[in-house]
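1. Quick one, what's the 3D model for this:
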Amino acid sequence: MIMTERLKYTDEIGAATAHLYDRVSDQYQEDHWKALAPYVYEINRLKKEKNAVILAHNYMTPDIFHCVGDIVGDSLKLAQEAAKSDADIIVQAGVHFMAETSKILCSDKIVLIPDVKAGCSLAEGINAADVALLREKYPGLPVITYVNTTAEVKAASDICCTSGNAVKIVEKIAKEWGVSEVLMIPDQYLAAYVATQIPDIKVHTYKGECEVHERFTGDDLRKVREKDPGVTILAHPECPQDVLEEADYAGSTAQMIDYVTDRQPAKVVLITECSMGDNIAKANPNVDFVRSCHLCPHMKRITLPKILHSLQTLETQVEVDPAVAKKAKEAVDYMLRLS
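-> This is a model prediction of the structure:
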């Protein structure tokens with residue numbers, strides 16, 4: 001991959017991006033911003049020229065999230081909102097399965113991933129053949145698949161779910177199918193969390209996990225609370241059960257943001273990927289964000305220079321086999337109908 005030559009900062013660029021620097025000045029010193037600003041400027045110029053939108057996941061670094069992202073949020077929201085836009089090009093500032101989801105819901109648009117190696121341990125830990133074997137092991141049960149999966153796995157499933165609506169989807173599909181057991185894949189920790197919320201439904205699962213969230217432990221949270229007894233702890237349900245038991249609240253990235261925005265805890269720690277706290281701190285100046293997080297190495301493969309290169313060259317385009325996309329979209333649409 002031929003990367004763009006390093007861009008130069010000018011006073012003109014500084015003036016044009018000053019309003020954007022205000023959004024991230026708590027995260028970047030002025031000298032650092034001067035290295036970023038030329039890329040921000042050029043990306044935003046090219047977006048208009050090429051009628052492109054950038055989808056920035058909650059785990060993107062603040063320079064991407066606040067300064068070039070047009071639509072921000074969790075993976076499903078990004079794809080849904082992109083489908084409503086009149087853009088010709090979508091740049092996925094996230095990981096590969098998210099770009100596939102965008103292509104599934106926006107088949108008429110060019111979908112770009114700035115780094116094709118931006119993967120996901122959870123999505124890469126299961127394939128369609130695995131789903132077929134699981135169907136043999138659990139015949140007659142609905143297969144509920146987390147959206148953090150590849151298109152082929154979604155296509156092999158009956159319905160999708162998100163971390164925010166998983167409990168509701170399990171309840172509703174069990175009732176609709178007339179069953180008291182379901183198969184929920186691939187995240188074993190999300191499935192375990194759902195099982196605690198709906199004890200009357202048996203939730204079978206698969207040994208998949210997010211390499212970021214599985215690193216947290218209940219002991220980590222106890223140490224945080226010992227150091228600062230008044231802190232509010234919010235944890236993502238992809239975390240192990242002992243973590244969720246120690247937390248004050250478990251919820252998706254969007255639910256965590258809503259919790260902080262609505263309740264304004266004096267001090268909060270987000271047990272998830274590090275950039276979450278950075279990205280919502282500016283909008284919540286009265287909340288003290290205590291750092292206790294892990295970086296996602298896959299998300300951090302997406303950078304401003306790579307986004308710029310992607311817009312300049314229209315590389316790398318994400319394609320999904322039409323037959324696979326059709327089946328995957330059915331699973332997503334089923335979820336949207338029930339939620």
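2. and the lowest-mean-pLDDT helix or strand in the chain, what does it pack onto?
-> Least confident helix or strand of the chain, by mean pLDDT, DSSP states H and E, is helix 75-84 with a mean of 89. For helix 75-84, the elements it packs on are strand 52-57, strand 71-73, helix 96-105, judged by 3 or more Cβ pairs under 8 Å, 6 or more residues apart in numbering; DSSP states H and E. Using the backbone N, CA and C atoms, a C-beta is placed for each residue, glycine as well.
3. which parts of that helix are buried?
-> Neighbour-count burial for helix 75-84, counted by 16 or more other Cβ atoms under 10 Å, picks out S75, L76, K77, L78, A79, Q80, E81, A82.
4. On the C-terminal side of that helix, identify the next helix or strand.
-> Remark: after helix 75-84, the chain's next helix or strand is strand 89-93, criterion DSSP states H and E.
5. In the sheet, which strands lie alongside that next one, parallel or antiparallel?
-> Strands that pair with strand 89-93, judged by DSSP bridges, come out as strand 52-57 (parallel), strand 110-112 (parallel).
6. Distance from it to the middle of the chain?
-> Centre-to-centre, strand 89-93 and its host chain are 14 Å apart (Cα atoms, centre = their mean, to the nearest Å).
7. cool, and stretch 226-243?
-> In terms of Cα atoms, centre = their mean, the gap separating the centre of stretch 226-243 from the centre of its chain is 20 Å.
8. if you average pLDDT over that stretch, what comes out?
-> For stretch 226-243, mean pLDDT is 96.
9. And it, end to end?
-> The straight-line separation of the ends of stretch 226-243 (Cα to Cα, to the nearest Å) is 15 Å.
10. hmm, back to that, so can I have a markdown table of the strands paired with strand 89-93 showing mean neighbour count?
-> Shown next, in a markdown table, are those (neighbours: other Cβ atoms under 10 Å):
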| stretch | mean neighbour count |
| --- | --- |
| strand 52-57 | 26 |
| strand 110-112 | 23 |
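11. Looking at these, which is nearest to Y189?
-> Comparing those against Y189 with Cβ to Cβ, the closest turns out to be strand 52-57 (19.7 Å).
12. The helix or strand hosting A325 vs helix 75-84, what angle?
-> Of the helices and strands defined by DSSP H and E, A325 is found in helix 322-338. Per axes from the mean of the first three to the mean of the last three Cα atoms, to 10 degrees, the angle that helix 322-338 makes with helix 75-84 is 110 degrees.
13. Can you tell me which helices and strands helix 322-338 packs against?
-> Checking 3+ Cβ pairs under 8 Å, 6+ apart, helix 322-338 ends up next to helix 96-105, helix 151-155, strand 159-161, helix 166-177.
14. what about the last one, distance to the chain center?
-> If I follow you right, that is helix 166-177. Average the C-alpha atoms of helix 166-177, do the same for its chain, and the two points are 23 Å apart (Cα atoms, centre = their mean).
15. Give me the helices and strands touching that helix, please.
-> Other helices and strands packing on helix 166-177, by 3+ Cβ pairs under 8 Å, 6+ apart, are strand 143-146, strand 159-161, strand 181-185, helix 188-197, helix 322-338.
16. tell me the angle that helix makes with helix 322-338.
-> Between helix 166-177 and helix 322-338, the angle comes out at 90 degrees (the same axes, to 10 degrees).
17. So which bits of stretch 264-277 are buried?
-> The neighbour-count check on stretch 264-277 (16+ other Cβ under 10 Å) flags P265, V268, V269, L270, I271, T272, E273, C274, S275, M276, G277 as buried.
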